[in-house]
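A.B. asks: Prediction below, plus the sequence it came from.
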Amino acid sequence: MTNYEVMFIIDPTLEDEKKEATIEAVKEIIASEGEVGKVDVWGMRKLAYPIQKKTEGYYVVIEFKAQPTLPRELDRRLKISDNVMRHLIDNKDQK
């Protein structure tokens, strides 16, 4: 299994329950084919540039282990999610 890290920014206008549900949904996607590691919720942070006319976002970082096929599926599902404004999946073993 390969070590990965996903960072995603959740829409700050969502209620706390929907933010938590989004985090849980991402963890379930990862757990379906891999192992969820450390979950680091950074909370509200100012964005470097406006995204969808918003200047703040709710940041979350999740470390996980998975087969090389999982990041592609996770990327696809995060792209179509209305709650996630941006995301980045990093292969920590390629450094």
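C.D. replies: On my side now, so go ahead. Numbers count the residues shown, from 1 in each chain.
A.B. asks: hmm, who's touching the helix of greatest length in the chain?
C.D. replies: Ranked by residue count and defined by DSSP state H, the top helix of the chain is helix 16-33. For helix 16-33, contacts defined as Cβ atoms under 8 Å, 6 or more residues apart in numbering pick out 6, 8, 10, 14, 36, 39, 41, 58, 60, 62, 64, 66-67, 69-70, 73-74, 77-78, 81, 83-84. Heads up, the C-betas are built off the backbone N, CA and C, glycines and all.
A.B. asks: Next step: those restricted to helices.
C.D. replies: Those of those lying in helices (DSSP H): 70, 73-74, 77-78.
A.B. asks: who wins for neighbours among those residues?
C.D. replies: Sorting the ones in helices among the contacts of helix 16-33 by how many neighbours each has (other Cβ atoms under 10 Å) puts Leu74 first, at 24 neighbours.
A.B. asks: wait, that residue sits on Val6?
C.D. replies: Yes. If you go by Cβ atoms under 8 Å, Leu74 and Val6 touch, sitting 6.5 Å apart.
A.B. asks: shared neighbours of those two, anything?
C.D. replies: Contact with both Leu74 and Val6 is made by residues 26, 30, 89, according to Cβ under 8 Å, 6+ apart.
A.B. asks: Just the buried residues out of those residues, in PyMOL syntax.
C.D. replies: Buried residues among the shared contacts of Leu74 and Val6 (16 or more other Cβ atoms under 10 Å), as a PyMOL selection:
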select buried, resi 26+30+89
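A.B. asks: Mind exporting the C-alpha coordinates of stretch 25-35 to CSV?
C.D. replies: This file holds the C-alpha atoms of stretch 25-35, laid out as CSV (Å, rounded to 0.1, in the frame of the first residue of the first chain):
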residue,chain,number,x,y,z
ALA,A,25,-18.0,10.8,3.3
VAL,A,26,-14.4,11.3,2.3
LYS,A,27,-13.3,9.0,5.1
GLU,A,28,-15.8,6.3,3.9
ILE,A,29,-14.5,6.5,0.3
ILE,A,30,-10.9,6.0,1.6
ALA,A,31,-12.0,3.2,4.0
SER,A,32,-13.7,1.3,1.2
GLU,A,33,-10.3,0.4,-0.4
GLY,A,34,-7.7,1.7,2.1
GLU,A,35,-6.9,2.7,5.6
